[in-house]
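>>> pasting the sequence and the predicted model now:
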Amino acid sequence: PIPVSISQALQNIIDRTKDWNEKEFDINIDDPDENSNEFIAYRIEYEGTTDIDNLKSTDTVFDEKNNLIKVNKLKSGDIIRVYKLDFGEILLNTAMEFQSEVFTLIEKHSKLWKSCLNELYLKTFKENIHHLHSQLKHHGVNVKSSTVFNNWINGNTKFPKSDKVIKAIYEISKDKILGLSFNDILKSKRIYNSTMISLGRDLKDEIKNFLSNGNIGEIIQKNNITPETLRKAIDEQMPLRKIKNISTFLIKKEDVDE
């Protein structure tokens, strides 16, 4: 295929993330909750609706002036938009446009761990998801059986959140190719996640600029999204709402899928 012309801005995203090591990735994701045993969640109730949002303290939302503000800075009476647009596929398409060896490897490594898991499900455990799930838990993986089945086996998840998932699949399957590729898979996982995080931040900035001045940004433009379509999505999926009440609660890491 002919490589798609891409701007220096998007090229810089790949250049600054593809060589991150694990420590640099942890720093740049800017989410201390990722390495914590528990984190504070914020339960936000709104005036005029029964809808409720449960957000992490490190999440950001738009205020009524279209500025991004962290959830832990909110108070009752604030008017906000909660970022809910599912642009995962758009971000992936943008990243894959590079037609680079890096993203070819990401796709290869994603398929490798998932195919091993699928083999376990179909052949070793005879499509018994509960047995497979119990074996994963036995090997230290904290995950719901629905996540294994819907997201990993039959879903579009590229990589699991935790490295230990891939390690557990190897320990159960003893697949030699998976074992030999383990470190390379983890590197592809970090590159994929860091790229998607960087693109996600840039996309959120584009949404901010659109809300403020109506301009369509580069990522949005490259995916053929019109101002009318974007405005409709924003109005339907992330309308302005006035906070009625905010309460907090702790979520333990073991209660969150890996």
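Sure, I can see it.

>>> flag every buried residue along the longest strand anywhere in the chain.
When the chain is parsed with DSSP state E, its longest strand is strand 241-252. By neighbour count on 16 or more other C-beta atoms under 10 Å, the buried set for strand 241-252 is 241, 243, 246. (Each C-beta comes from the backbone N, C-alpha and C, glycine too.)

>>> closest to residue 105 out of these?
Using C-beta to C-beta, residue 241 is the member of these that lies nearest residue 105, at 42.5 Å.

>>> find the nearest non-adjacent residue to the closest one, please.
residue 46 (4.2 Å; C-beta to C-beta, 6 or more residues apart in numbering).

>>> what is the neighbour count of that neighbour?
19 (other C-beta atoms under 10 Å).

>>> pLDDT score for it?
pLDDT for residue 46: 97.

>>> that one contacts residue 244, correct?
Yes. Shown here, residue 46 and residue 244 form a contact pair, counting by C-beta atoms under 8 Å, at 5.6 Å.

>>> coming back round to it: and which of the buried residues of strand 241-252 is nearest residue 73?
When those are compared against residue 73 (criterion: C-beta to C-beta), the nearest one is residue 246, at 10.8 Å.

>>> that older thread, now do the longest strand of the chain: which elements does it pack against?
strand 38-46, strand 79-81 (3 or more C-beta pairs under 8 Å, 6 or more residues apart in numbering; DSSP states H and E).

>>> in the stretch 1-150 of the chain, where is pLDDT below threshold?
Residue ranges of the stretch 1-150 of the chain with pLDDT under 70: 1-38, 88-89, 97-100.
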